[in-house]
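S.K.: have a look at this fold, sequence not included:
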Ligand code: SF4
């Protein structure tokens, strides 16, 4: 160990050069950070881990495991509320078993941002933001009270109120230290800042050299109670960046290009690390945009090591000179400083010449489907399945229903905001506005972005076009886009093909708005420019948008700002001190400060609440779902079933099963809020499973998966009712799905809901990483079925499973039983990665495992 001097005095540090003598430069930086973590937190296992990494360098892969101890946890309001509900219920369970409920407290700092609930009810007029925030507080006060309870009942939990920004921007601008000083057992350590977050876009912070990834809510619960994240030593894909971006190409274009490229290379949960001379040409802001989209390119991380661009980013966002000096000194001493000439060993390498990236759109249904601008109209027409025609109400096919500058991804970087504002400025000078059917909005990721846009005068330009600020939260990106313009809604109902256009990171059908099957992802300046045309057209940049002096045509492309114009605005108006000031001011939001919250050790549940209900799975002594059994297929689903399909986040319709349940309990049919806000109410959530009309159930001929068939009677009914019927009859059920089951977000409700349906196992050819761990966390066994064998059970087929013994990646016996007595044996294995996961399944899930451990300790 080495000592270094810091502003707070002498501190110890792990010099990785000595720990991994002679071969450190061959080790990807992400693995160096894991090595540091083991050396500092678990020195007894260091020798074995060093040996495993030696073998990793030889083979580029490893079956070994590592226990990783992150330094903190990040959550948002819709993932934190279900976790807090679980914790409150666990405290009840401990108290009821005679234990001390206050013993269940977080072992790590937990930051929670309240960002996922604000909706775009008002837009394009003065006071829109204030109105939307007031409605947010009215709609969510019960949930927010629970969160305020947590700040007093659970030491270490900090809640950042509405208006303080989107969690990943908040992390970049305020929370991340990159290198931190930690006090442990009376000693001071200098160590890398690391975290896990209950959101799939947590890797955004990889852009500034902080190792982090998204985990499910259940895994986060175990981490915050002091358990490590146990993972297989990851495969690491190196993306070799050469060249530099051409003028006019923005970080959004690069992120979409990387998404396309890496999806084509079939990344499936590996760690991605960027290396090569091209890295040094990208700013911290550029890198964060690319890192943010790691889940879209299928990776756990999108890591950029620490270098002078990182230090510049820290300085520009108001970090102190002392801290910037510490980061540089410590990163060099630890062996984490980036060397553009280095070529570490990677599991595989993907090449990307930055000079080949062009301005792009991605869509109309998936983020990896990149399109040159002049091909978007053709792609939309093809996806709609009909030739474009003149629509109803004068709204043409290809119309843009929503144009939103939104998301942490593309509103955290000043250059992207400046570029959008400069398009608006030129359009305003020409007297242009989007057509009235376009719903416009701006939701920057932090209050400091507003300060920057105001100071530069660009906010007034954006407002003049309808892009006034509607809130500092996820809004459209998470589907809280509010109602469409009435004439647009009518046109869509009449068959007009319409799309969303947003600077977000996802465009799955129905994600942005339930009525919209299509969405294009684009940089903020393209969102503003294309909104002026009002529809997706061939060759948009050559559309004549206005006439200049002497009647000269002005083409849309001429509104885009040059790099020099963008950089001049950023240089002049981005103030480092504004980051802290704007954040501190937003944290004083009066309605939040005045919100009354209980201050008890146990949370006082209300019998009449339709937002917070004590969940049945947060109890000790649950039986596990393993064993040998014969099951009915409850659902049979196709490929790419996302967590949005399984457990939607958007609006609850009054006619839905969940809506009816809430209305029967007194909630107003006109304002049932969104599913994301009901995640503290298991009774509503379980009834809302698969409430997404694009999720098809093969068992009932492809009709919506919110319904299914009861095999013994062949009667069809709502999914929850059929599942209850099976449960009452004591029958086992499983779920069968296609490729990439659980793609999307870290939404633990997609697993909790399936567990509450009584599902014992999910069988699929492949699983998305976070959802797989969430299933394990709920005690549901994920089983990988060999994709070479066609497997599509019918309603009267049954499935025989022997999961008595579950070992990581071990075989599971699965046999399909046909009604005619024939049997089909399938090649299958447990999608279980570590011994710890196997132990969780044996315990019946993560929560019973935590509870049993606590109760044992207190006995
Ligand atoms: S990706 Fe969208 S929904 Fe997720 S945190 Fe960012 S803004 Fe919010």
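M.R.: Ah, there it is. Fair warning: this is a prediction, and the values are worked out from it, not measured in the lab.

S.K.: next one: residue 52 from residue 268, what distance?
M.R.: Going from residue 52 to residue 268 by Cβ to Cβ, to the nearest Å gives 22 Å. The C-beta positions use only the backbone N, C-alpha and C, and glycine is treated the same way.

S.K.: right, I mislabeled it, should have said residue 291
M.R.: Counting by Cβ to Cβ - residue 291 and residue 268 are separated by 18 Å.

S.K.: the more surrounded of these two?
M.R.: residue 291 (31 against 15; other Cβ atoms under 10 Å).

S.K.: after the helix or strand where that one lies, which helix or strand is next?
M.R.: Here residue 291 is covered by helix 284-292, with elements defined by DSSP states H and E. Downstream of helix 284-292, the next assigned helix or strand under DSSP H and E is strand 301-303.

S.K.: what strands line up against that next one, and which way round?
M.R.: strand 271-275 (parallel) (DSSP bridges).

S.K.: and the strand it pairs with with helix 284-292, angle?
M.R.: Interaxial angle of strand 271-275 relative to helix 284-292 (axes from the mean of the first three to the mean of the last three Cα atoms, to 10 degrees): 150 degrees.

S.K.: quick one: mean pLDDT for strand 271-275?
M.R.: Mean pLDDT, strand 271-275: 98.

S.K.: residues making contact with that strand?
M.R.: Under the criterion Cβ atoms under 8 Å, 6 or more residues apart in numbering, residues 28-30, 234-241, 262, 287, 290, 294, 297, 299-305, 340, 342-344, 346 lie in contact with strand 271-275.

S.K.: list the residues that contact residue 505.
M.R.: 201, 255, 292, 293, 296, 367, 407, 409, 410, 477, 521 are the contacts of residue 505 under Cβ under 8 Å, 6+ apart.

S.K.: quick check, it in a helix?
M.R.: No. Under DSSP: H, G, I helix; E, B strand; the rest coil, residue 505 falls outside any helix and is assigned coil.

S.K.: and it, what's its pLDDT?
M.R.: For residue 505, the predicted pLDDT is 93.

S.K.: ok, residue 628 next?
M.R.: pLDDT, read off for residue 628, is 98.

S.K.: now do it against residue 800, distance only.
M.R.: 8 Å.

S.K.: related to what we said a few turns ago, of all the contacts of residue 505, which comes closest to residue 851?
M.R.: residue 201 (30.4 Å; Cβ to Cβ).

S.K.: that closest one: neighbour count?
M.R.: Residue 201: 25 neighbours (other Cβ under 10 Å).

S.K.: part of a helix, is residue 450?
M.R.: Yes. Assessed by three-state DSSP, residue 450 belongs to a helix.

S.K.: so who does it touch?
M.R.: By Cβ under 8 Å, 6+ apart, residue 450 lies in contact with 444, 459, 469, 472, 582.

S.K.: mind doing that once more with 10 Å?
M.R.: 129, 163, 165, 417, 442, 444, 459, 469, 472, 578, 582, 586 (Cβ atoms under 10 Å, 6 or more residues apart in numbering).

S.K.: what helix or strand is residue 46 located in?
M.R.: Judged by DSSP H and E, residue 46 forms part of helix 46-59.

S.K.: tell me which residues in that helix are buried?
M.R.: Going by neighbour count (16 or more other Cβ atoms under 10 Å), the buried part of helix 46-59 is 46, 49, 50, 52, 53, 56, 57.

S.K.: who touches the helix or strand following it?
M.R.: Counting by DSSP H and E, the next helix or strand C-terminal to helix 46-59 is strand 65-68. For strand 65-68, contacts defined as Cβ under 10 Å, 6+ apart pick out 31, 33-35, 37-38, 41-42, 45, 48-49, 52-53, 194, 196, 211, 213, 223, 227-234, 808, 833-836.

S.K.: contacting the ligand as well, which ones from these?
M.R.: Subset of these in contact with the ligand: empty, counting by Cβ under 6 Å from any ligand atom.

S.K.: which one of the contacts of residue 505 sits in the busiest neighbourhood?
M.R.: residue 521 (33 neighbours).

S.K.: which residue, neighbours along the chain excluded, lies closest to that one?
M.R.: Spatial nearest neighbour of residue 521, excluding adjacent residues (Cβ to Cβ, 6 or more residues apart in numbering): residue 362 at 4.4 Å.

S.K.: over to residue 247?
M.R.: Nearest non-adjacent residue to residue 247 (Cβ to Cβ, 6+ apart): residue 563, at 5.0 Å.

S.K.: how far does stretch 347-356 sit from the chain's center?
M.R.: 25 Å (Cα atoms, centre = their mean, to the nearest Å).

S.K.: same thing with stretch 151-167?
M.R.: The chain centroid and the centroid of stretch 151-167 are separated by 18 Å under Cα atoms, centre = their mean.

S.K.: tell me which residues of that stretch are tucked away?
M.R.: For stretch 151-167, using 16+ other Cβ under 10 Å, the buried residues are 151, 153-154, 156-157, 159-167.

S.K.: and the lengthiest strand in the chain, which strands flank it?
M.R.: The longest strand of the chain (DSSP state E) is strand 627-636. Counting by DSSP bridges, the strands paired with strand 627-636 are strand 732-736 (parallel), strand 798-803 (antiparallel).

S.K.: next, the contact list for the closest residue to the ligand within the stretch 301-450 of the chain, please.
M.R.: Closest to the ligand within the stretch 301-450 of the chain is residue 408: 3.5 Å, counting by Cβ to the nearest ligand atom. Residue 408 sits next to 115, 165-172, 199, 201, 204, 288-289, 292, 443-446, 473-474, 477, 504-505 when contact means Cβ under 10 Å, 6+ apart.
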